[in-house]
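Asks: Here is a sequence together with a model predicted from it:
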Amino acid sequence: MSEPSHSRPAKVDKPNVSPLLKERDRRSLFDRVVEFLSPGPDSTDELIETLAEAEHREVIEPESRVMLEGVIRMAGMTAGDVMVAVKRMDLVDIDAPYEEILAQVIDTGHSRFPVFEGSRDNIIGILLAKDLLKLQRAPELNIRTLLRAPEFVPESKGLNELLREFRSNRSHLAIVIDEFGKTAGLLTIEDVLEEIVGEIEDEFDEDDGQSSIFTLADGSQRVAGDALIEDVNEIFGTQLPTEDFDTIGGLVAHEHGRVPPRGESVDVGGLRFTVMLARGGAVRWFKVVKAPQPDDSAES
């Protein structure tokens, strides 16, 4: 009687695992080990320090680091942190004559203006400077018909969310309101983007430093904050000192003791400098006229 044969277990084929998958698994395990031994940053400050170290090691470019830092910081910022305060807003009165509105638009150089009726807190619309050209061709039109619907946002609104709304609504300006529903300021899409990419040059900026002084419609001058003091002296026939400062913005800030905000006026060397635009702790544009003399003010 023959002994029963011992059957060998059936061979089970192992699933084919591609080398790429094996390598991916090994890298994942390696990454987990590295993360366990050297955990990532736990705070925004640590993350920014990590970016600075990456730039130092030439892993990323300086411009990339600045943008990444801007994105990180913007995540914790609100509309109230970046807005232009209501006291420094350039508003248009709906009941003002057309000539007065046109002069204001030319002098300030903005592309969009909040329009109020009665009280400055009663914002009824947004006026685009280019829309005023329509009144030149059709004087019978009413300015009210040119107004765009205003967008209101609370001070607490996050910049990330606001930027998404700007893009989805294809809007460029929002009116910021406080907890009581009153106007607190305004915010543009440019203000938000500058928190990421840094200061955005506008159409009046010149890279070569030339053409930094422009004559406005009322005869005053629009002077860039980085205009040379020598150029200002030549235009106005003044003798502002050039020993300690090269730019007019530096001289005005020194004489005033601080950088003046938008809308503030400072008299220096017989000239009156009114801030038209200020960003990043520096004045971008002044409106400059001859300062009134004591005798003139007494007569008036």
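Replies: Ah, there it is. Please read all numbers here as calculations on a predicted model, not as lab measurements.
Asks: buried stuff in stretch 59-75?
Replies: Applying a neighbour-count criterion of 16 or more other C-beta atoms under 10 Å, the buried positions in stretch 59-75 are 65, 68-70, 74. For the C-beta atoms, the positions are set from N, CA and C on the backbone; glycine is no exception.
Asks: Tell me the gap between that stretch and the middle of its chain.
Replies: Averaging C-alpha coordinates over stretch 59-75 and over its chain gives two centres that are 16 Å apart (C-alpha atoms, centre = their mean, to the nearest Å).
Asks: same thing with stretch 117-128?
Replies: 22 Å.
Asks: Give me the contacts around that stretch.
Replies: Contacting residues not belonging to stretch 117-128 are listed as 86, 91-95, 101, 111-116, 143-144, 146-150, 152, 173, 175, 182-183 [C-beta atoms under 8 Å, 6 or more residues apart in numbering].
Asks: Stretch 135-142 - what's its average pLDDT?
Replies: On average, the pLDDT along stretch 135-142 is 77.
Asks: and if you look at stretch 146-163?
Replies: pLDDT averaged over stretch 146-163 equals 88, rounded to a whole number.
Asks: ok so, going back, so which of the contacts of stretch 117-128 are in helices?
Replies: The members of the contacts of stretch 117-128 that map onto helices under DSSP state H are Ile101.
Asks: re earlier: nearest to Lys290 among the buried residues of stretch 59-75?
Replies: Closest approach to Lys290 among the buried residues of stretch 59-75 (C-beta to C-beta): Gly70, at 41.0 Å.
Asks: pLDDT score assigned to the closest one?
Replies: In this prediction, Gly70 carries a pLDDT score of 69.
Asks: swap in the one 5 residues further on?
Replies: pLDDT recorded at Ala75 is 74.
Asks: That one: what's its closest spatial neighbour, skipping adjacent residues?
Replies: Spatial nearest neighbour of Ala75, chain neighbours left out: Asn160 (5.9 Å); criterion: C-beta to C-beta, 6 or more residues apart in numbering.
Asks: and if you look at Met276?
Replies: Trp285 (4.2 Å).
Asks: for Asp226, same thing?
Replies: Nearest one to Asp226, counting by C-beta to C-beta, 6+ apart, is Thr247 at 4.9 Å.
Asks: So what's the residue count around that neighbour?
Replies: 20 (other C-beta atoms under 10 Å).
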